[in-house]
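Visitor: Predicted model and sequence follow; I will ask about them next.
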Amino acid sequence: MAAPLTRPAKTPQPRAASPSDGPAAPKSPGARRGQRRAVTLFMVPFFALFTAVTVLPMFYAAWMSLFREESSGLGFGGTERVFAGFGNFTEALTNEAFLRSFGHIAFYCVLYIPAMVGGALVLALLVDSAMARARRFFQIAYFLPHAVPGLIASLIWLYLYTPGLSPITDVLDALGANWNFFGQDEAIYSVVNISAWQWTGYNMIIFYAGLQAVPREVLEAATVDGSGALRTALQVKVPMIRPTVVLTLLFTCVGAIQLFDAPKLVQLRANTMGEDWSPTMFIYTAAFKGHDYGLAAASSLLLALVAGLLSFVVTKLGNRWKAS
């Protein structure tokens with residue numbers, strides 16, 4: 001009688017690990033040390049440059065702010081550095097020109113920030129709209145002014161503001177409009193125009209990138225609910241990019257308080273502005289024309305303090321707006 005047929009035994013196959021099998025085995029101490037060394041290696045260049053160009057100059061400015069140079073006799077015996085303590089800070093805080101420069105910047109921010117941020121947001125919404133065409137072209141066209149260095153941009157606009165040379169002034173004269181770009185009251189508008197021309201396109205790109213992250217299904221739901229293009233832009237798109245708007249406002253405020261290039265060049269023709277129109281211009285004049293490096297260092301530290309406080313206030317207000 002033949003023996004019954006038997007099936008060959010199956011060889012067990014290795015089972016793939018699943019997430020439910022538990023956490024992976026911990027890495028060895030050598031692997032963790034290697035990761036820490038790699039992270040440290042990549043971070044060292046940043047901290048080295050940050051220390052060299054930011055931390056050390058701040059400490060040096062703090063040290064310089066505690067001294068002043070005094071001349072002996074009638075000024076023929078040279079100068080000597082004497083310890084002044086907080087005297088330079090007191091002099092800066094009681095200097096009318098230094099305090100007045102912050103007032104100029106405050107008025108500049110009232111004009112510049114709504115015009116630049118509002119203009120950038122409007123342009124971003126227009127480029128992001130469903131009816132927009134040639135988006136790449138307009139993105140590049142709006143960004144091109146920012147590609148021009150600030151000093152060159154100021155020189156270009158200085159030429160465009162000059163009567164007899166500028167086609168803009170010729171057109172205004174032909175229309176009967178009497179506008180002096182370097183007048184006592186008009187010069188600040190010239191500075192605002194230069195800054196807005198340079199930075200509107202840059203911030204438009206930032207807002208447009210934020211709008212691209214808005215979920216398309218949210219916009220489609222708004223359209224289905226009967227929301228028009230304007231209502232969708234104001235009540236859906238803008239609220240969803242609040243963090244981007246707050247960050248832009250923060251950078252704009254910090255940059256505005258350090259304004260230097262545009263007013264410095266406009267001041268060459270607008271003599272009524274003065275060489276200490278902005279805080280940075282006051283610091284420049286005190287250091288390189290008045291050779292009062294102690295006062296310039298103290299003013300720089302006070303400016304940094306104001307910038308830090310302004311950043312804190314803008315961040316707090318922005319967080320409240322985002323949470324509302």
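Guide: Looks like it arrived, so ask away. Numbering: from 1, shown residues only.
Visitor: Pull the contacting residues for residue 267.
Guide: 187, 273-275, 277, 281 (CB atoms under 8 Å, 6 or more residues apart in numbering). Yep, even glycine has a C-beta here, placed from its N, CA and C like the rest.
Visitor: Out of these, which sit inside strands?
Guide: Among these, none falls in strands (DSSP state E).
Visitor: Name the member of these with the most neighbours.
Guide: residue 277 (27 neighbours; other CB atoms under 10 Å).
Visitor: related to what we said a few turns ago, redo the contacts of residue 267 as TSV? Include distance to residue 227.
Guide: Output for these, formatted as TSV (distance: CB to CB, whole Å):
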residue	distance to residue 227
187	44
273	47
274	51
275	53
277	46
281	48
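Visitor: List just the nearest of those residues to residue 290.
Guide: Nearest to residue 290, judged by CB to CB, of the contacts of residue 267 is residue 275 at 10.0 Å.
Visitor: Isn't that closest one up against residue 288?
Guide: No - between residue 275 and residue 288 there is no contact, the gap being 10.6 Å when judged by CB atoms under 8 Å.
Visitor: quick one on the thing from earlier: pick the one among the contacts of residue 267 closest to residue 304.
Guide: residue 281 (16.1 Å).
Visitor: ok, that closest one to residue 310 distance?
Guide: 18 Å (CB to CB, to the nearest Å).
Visitor: Quickly find the element holding the nearest residue to residue 115 once chain neighbours are set aside.
Guide: Closest residue to residue 115 in three dimensions, ignoring its sequence neighbours and counting by CB to CB, 6 or more residues apart in numbering: residue 196, at 5.2 Å. Residue 196 is located in helix 187-212, with elements delineated by DSSP states H and E.
Visitor: for residue 182, same thing?
Guide: Per DSSP H and E, there is no helix or strand for residue 182.
Visitor: Show the contacting residues for it.
Guide: Neighbouring residues of residue 182 by CB under 8 Å, 6+ apart: 161, 190, 266, 269-270.
Visitor: What segments of this structure are strands?
Guide: 67-71, 79-83.
Visitor: okay, those strands in JSON lines with mean neighbour count, mean pLDDT and distance to residue 219 next?
Guide: Below are the strands of the chain laid out as JSON lines (neighbours: other CB atoms under 10 Å; pLDDT from 0 to 100; distance: least, CB to CB, whole Å):
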{"stretch": "strand 67-71", "mean neighbour count": "15", "mean pLDDT": "79", "distance to residue 219": "61"}
{"stretch": "strand 79-83", "mean neighbour count": "11", "mean pLDDT": "78", "distance to residue 219": "65"}
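Visitor: so which of those strands gets nearest residue 95?
Guide: That would be strand 67-71 among the strands of the chain, by CB to CB, at 14.0 Å.
Visitor: So what touches that closest one?
Guide: Counting by CB under 8 Å, 6+ apart, 77-84, 87-88, 291-295 sit against strand 67-71.
Visitor: Just the closest of these to residue 252, please.
Guide: Out of the contacts of strand 67-71, the member with the shortest distance to residue 252 (by CB to CB) is residue 295, at 28.3 Å.
Visitor: Tell me, how many residues neighbour that closest one?
Guide: 25.
Visitor: for residue 164, same thing?
Guide: 7.
Visitor: distance of it from residue 170?
Guide: According to CB to CB, residue 164 and residue 170 sit 8 Å apart.
Visitor: average model confidence for the longest helix along the chain?
Guide: Ranked by residue count, the top helix of the chain under DSSP state H comes out as helix 96-128. Across helix 96-128, the average pLDDT comes to 93.
Visitor: How far does stretch 284-301 stretch from one end to the other?
Guide: Start-to-end span of stretch 284-301 (CA to CA, to the nearest Å) is 14 Å.
Visitor: Please give the centre-to-centre distance between that stretch and its chain.
Guide: From the chain centre to the centre of stretch 284-301 is a distance of 24 Å (CA atoms, centre = their mean, to the nearest Å).
Visitor: swap in stretch 82-100?
Guide: Distance, centroid of stretch 82-100 to centroid of chain: 28 Å (CA atoms, centre = their mean).
Visitor: start to end distance for stretch 234-248?
Guide: 18 Å.
Visitor: Return the set of buried residues in it.
Guide: Using 16 or more other CB atoms under 10 Å as the test for burial, stretch 234-248 gives 236-238, 240-242, 244-248.
Visitor: I would like the residues contacting that stretch, please.
Guide: 117, 120-121, 125, 128, 203, 206-207, 209-211, 213-214, 218-219, 222, 227, 314-315, 318-319, 321-322.
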